[in-house]
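A.B. asks: below is the sequence, then the predicted model.
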Amino acid sequence: MAFRVKVFFMISIFFVSHIFAEINTNEFAQRRDKLMQKISQGVILMRGAVEYARNGDVNFKFRQNSNFYYLSGFDEPDATMLLLPGEAQKFIMFVKPFNAHMAVWVGESYGVEGAMKIFKADTAFANDTFDDVIKSYLRNKETVYLPFSDQEFASHITSLLNTHYGRYPKKIEDIDQYINDLRQIKSTKEIELMQKAIDITVDAHKEAMKAIKPDMHEYEIAALIKYIYLKNGSERSGFPSIVGSGPNSTILHYEKNERKMTQNDMVVMDIGAEYGMYSADVTRTVPVDGKFSEEQKDIYKIVLESQKAGVEMTKPGITLSDISNKSTEIIKNGLFDLGLITDKESRWQTSVWFMHGVSHGLGLETHDPGGYRNQKLEAGMVFTVEPGIYIGENALENVYMMSRMGVSKDAIDAFVEAVKPAFEKYKNIGVRIEDDVLVTETGYRNLSEKAPREISDIEKLMSKGSKFTE
Ligand SMILES: [Mn+2]
């Protein structure tokens, strides 16, 4: 039992880390003020992330809820925040109380004192007083804003209020969208942290390119990537690394990373370190043997041209739809030239080989709020540009699913017959190229441009040895 207890506490040790030191408490206060200005009436109540059991008495490593972190910087589990616009005491926290006995096992925690001193709560309470204290704050209020994304918490509050119908808020509104809107425009400090996450990820890409060779397993590359992250101060991956070779290069969210790579494979590496809570998301695709074959080049060049065009047109005032249309147009023309589609006007044909969106927002989440299709881009937004082409080995069987979109069986038969030779030629080649782009006042900055993406640059880097694999 002693051993089990020890394992439990070792594994659930809080990461009271450099994270908090990264952003000044004033910036968190400014964000809270901006949010409170956006809602005219009412109070805001939200809960941070809780800890989840992994198995037995071992927990998953804790990560704070992004919206809660964005407004408080508070990085311990089981905290709640109450914002009271217009009142003298407008930032109230409920936290786990400091416990000297627990401190021996898990290290210091902030406690009520820390919530006020370090995180500048106007006042703070221990969690076990929550239900009673919160009622006194909500009495005679009209509206309470809750995160509808946290259903468990929202229903707890709703039932708490229902037991005292009359004097408590009758209107319950969703706060998520207000916070999501704020998060779209990144501050100077946020961009700095994102650049750091991206630099670490670029470094991992370069080391991976140098190390990759036939007969290695995908997980060896995934392990090397993780090593580079941790060594450079990244606390964890923003999402599980995708290292997909050969047939796996055509699977969009392949995460098993189990296959032994062989000579003629392409390998897609879609990876992103997290730093100071901010995620990178950068994809590169390289030939396992370090030399692009003619077939690999054919596909790669189309994706590269499409990706560059998408990145280079970035500026305030355009939309992510504009970028998507441009990138997709280039993919479509390229597929036509290679004989992989027969009709440039057909939407479904292109989607056989390119079936995902070109862009998404990036920030505290790998898929950050924002980048809504017809929303005009503004300086300070960060998003990805990541077209791809995937010649999956089952594509010509799966294409019959298009009948659900109203495509006739005859049309599909004709398509399959016409593209078969090109399909056989390019089978099992998957290519995705992804960069992280910041919108500036005058245009854009490609934050991940240091990861090689030109064929000659990749081949040159891959020809260098790696200190990680002799
Ligand atoms: Mn992405």
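C.D. replies: Perfect, I can see it now. Residues are numbered from 1 along each chain as shown.
A.B. asks: contacting residues for the residue nearest in space to the middle of the chain?
C.D. replies: Nearest to the mean C-alpha position of the chain, by Cα atoms, centre = their mean, lies Thr366 at 0.9 Å. By Cβ atoms under 8 Å, 6 or more residues apart in numbering, the contact set of Thr366 is Gly238, Phe239, Gly272, Ser279, Asp281. Yep, even glycine has a C-beta here, placed from its N, CA and C like the rest.
A.B. asks: just Val144 next, same as before
C.D. replies: Shown in contact with Val144 (Cβ under 8 Å, 6+ apart): Gly42, Val43, Ile44, Leu45, Leu138, Ile157, Leu161, Pro169, Lys171, Ile172, Glu173.
A.B. asks: how about Ile198?
C.D. replies: Ala273, Ala280, Val282, Asp436, Leu447, Ser448.
A.B. asks: and with 10 Å instead?
C.D. replies: 272-273, 275, 278-282, 362, 382, 435-436, 438, 446-451 (Cβ atoms under 10 Å, 6 or more residues apart in numbering).
A.B. asks: just Ile23 next, same as before
C.D. replies: So Ile23 contacts Arg31, Tyr69, Tyr70, Gly73, Ser187, Lys189, Glu190, Glu192, Leu193, Gly276, Met277 (Cβ under 10 Å, 6+ apart).
A.B. asks: do Ala280 as well
C.D. replies: 194-202, 204, 229, 234, 237-239, 271-274, 362, 366, 384, 436, 447-448.
A.B. asks: right, and the helix or strand after the helix or strand of the chain with the lowest mean pLDDT?
C.D. replies: Using mean pLDDT, DSSP states H and E, the weakest-scoring helix or strand in the chain turns out to be helix 2-11, at a mean of 35. Sequence order places helix 25-38 as the next helix or strand after helix 2-11, per DSSP states H and E.
A.B. asks: what does that next one rub up against?
C.D. replies: Applying Cβ under 10 Å, 6+ apart, the contact partners of helix 25-38 are 20, 23-24, 42-44, 67, 69-74, 81, 83-87, 90-91, 118-120, 145, 175, 177-179, 181-183, 187-190.
A.B. asks: intersect the residues you listed with the contacts of the ion.
C.D. replies: The overlap between the contacts of helix 25-38 and the neighbours of the ion (Cβ under 5 Å from the ion) is empty.
A.B. asks: turn the contacts of Ile23 into a markdown table, including pLDDT, neighbour count and secondary structure.
C.D. replies: Below are the contacts of Ile23 laid out as a markdown table (pLDDT from 0 to 100; neighbours: other Cβ atoms under 10 Å; DSSP: H, G, I helix; E, B strand; the rest coil):
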| residue | pLDDT | neighbour count | secondary structure |
| --- | --- | --- | --- |
| Arg31 | 97 | 19 | helix |
| Tyr69 | 97 | 20 | helix |
| Tyr70 | 97 | 23 | helix |
| Gly73 | 96 | 23 | coil |
| Ser187 | 97 | 13 | coil |
| Lys189 | 96 | 13 | helix |
| Glu190 | 97 | 22 | helix |
| Glu192 | 97 | 15 | helix |
| Leu193 | 97 | 22 | helix |
| Gly276 | 95 | 22 | coil |
| Met277 | 96 | 24 | coil |
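A.B. asks: hang on, the earlier thing: which of the contacts of Thr366 ranks first by neighbour count?
C.D. replies: Of all the contacts of Thr366, the most densely surrounded is Gly272 (31 neighbours; neighbours counted as other Cβ atoms under 10 Å).
A.B. asks: quick one: mean pLDDT for stretch 83-90?
C.D. replies: What stretch 83-90 shows for mean pLDDT is 95.
A.B. asks: which neighbouring elements make contact with the helix or strand where Leu71 lies?
C.D. replies: Element membership for Leu71, per DSSP H and E: helix 66-72. Other helices and strands packing on helix 66-72, by 3 or more Cβ pairs under 10 Å, 6 or more residues apart in numbering; DSSP states H and E, are helix 25-38, strand 43-47, strand 80-83, strand 91-95, helix 176-184.
A.B. asks: residues touching Asp289, list them.
C.D. replies: Contacts of Asp289 by Cβ under 10 Å, 6+ apart are Ile212, Lys213, Pro214, Met261, Thr262, Gln263, Asn264, Asp265, Met462.
A.B. asks: please apply the same query to Leu362.
C.D. replies: 186, 194, 197-198, 238, 272, 278-282, 368, 370-371, 381-384, 436-438, 447.
A.B. asks: now do the helices in the stretch 51-200 of the chain.
C.D. replies: Using DSSP state H, counting those that start in this stretch, the helices of the stretch 51-200 of the chain run over residues 66-72, 100-106, 111-117, 130-138, 151-162, 176-184, 188-211.
A.B. asks: out of those helices, deepest packed?
C.D. replies: helix 66-72 (a mean of 23; mean count of other Cβ atoms under 10 Å).
A.B. asks: near the ion, list only the ones from the contacts of Ala280.
C.D. replies: Within the contacts of Ala280, those near the ion by Cβ under 5 Å from the ion are Thr384.
A.B. asks: what residues are up against the closest residue to Leu84 other than its chain neighbours?
C.D. replies: Nearest residue to Leu84, sequence neighbours excluded (Cβ to Cβ, 6 or more residues apart in numbering): Lys90, at 4.6 Å. Going by Cβ under 10 Å, 6+ apart, Lys90 touches Ala29, Arg32, Asp33, Met36, Val43, Ile44, Leu82, Leu83, Leu84, Ala121, Asp122.
A.B. asks: export the contacts of Val144 to TSV and tack on pLDDT?
C.D. replies: Shown next, in TSV, are the contacts of Val144 (pLDDT from 0 to 100):
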residue	pLDDT
Gly42	90
Val43	95
Ile44	97
Leu45	97
Leu138	90
Ile157	91
Leu161	82
Pro169	84
Lys171	89
Ile172	91
Glu173	93
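A.B. asks: just flag the most distant two among these.
C.D. replies: The most widely separated members of those, counting by Cβ to Cβ, are Ile44 and Leu161 (14.7 Å).
A.B. asks: report how many residues lie close to Asn394.
C.D. replies: Other residues near Asn394 number 9, with proximity taken as other Cβ under 10 Å.
A.B. asks: and if you look at Ser448?
C.D. replies: Ser448 is flanked by 24 other residues according to other Cβ under 10 Å.
A.B. asks: go on, Tyr110?
C.D. replies: 24.
A.B. asks: repeat that for Ile92.
C.D. replies: Neighbours around Ile92, by other Cβ under 10 Å: 22.
A.B. asks: how near is Asp128 to Glu173?
C.D. replies: Distance, Asp128 to Glu173, using Cβ to Cβ, to the nearest Å: 28 Å.
A.B. asks: so for the two, which residue has more residues nearby?
C.D. replies: Per other Cβ under 10 Å, whichever of Asp128 and Glu173 has more neighbours is Glu173, with 16 against 11.
A.B. asks: which residues touch the more buried one?
C.D. replies: Ile39, Gln41, Gly42, Ile44, Thr143, Val144, Tyr145, Leu146, Phe148.
A.B. asks: between the residues you listed, which is closest to the ion?
C.D. replies: The nearest member of those to the ion, counting by Cβ to the ion, is Phe148 at 25.3 Å.
A.B. asks: quick check: the closest one touching Tyr178?
C.D. replies: No: contact between Phe148 and Tyr178 fails when scored by Cβ atoms under 10 Å: they sit 11.6 Å apart.
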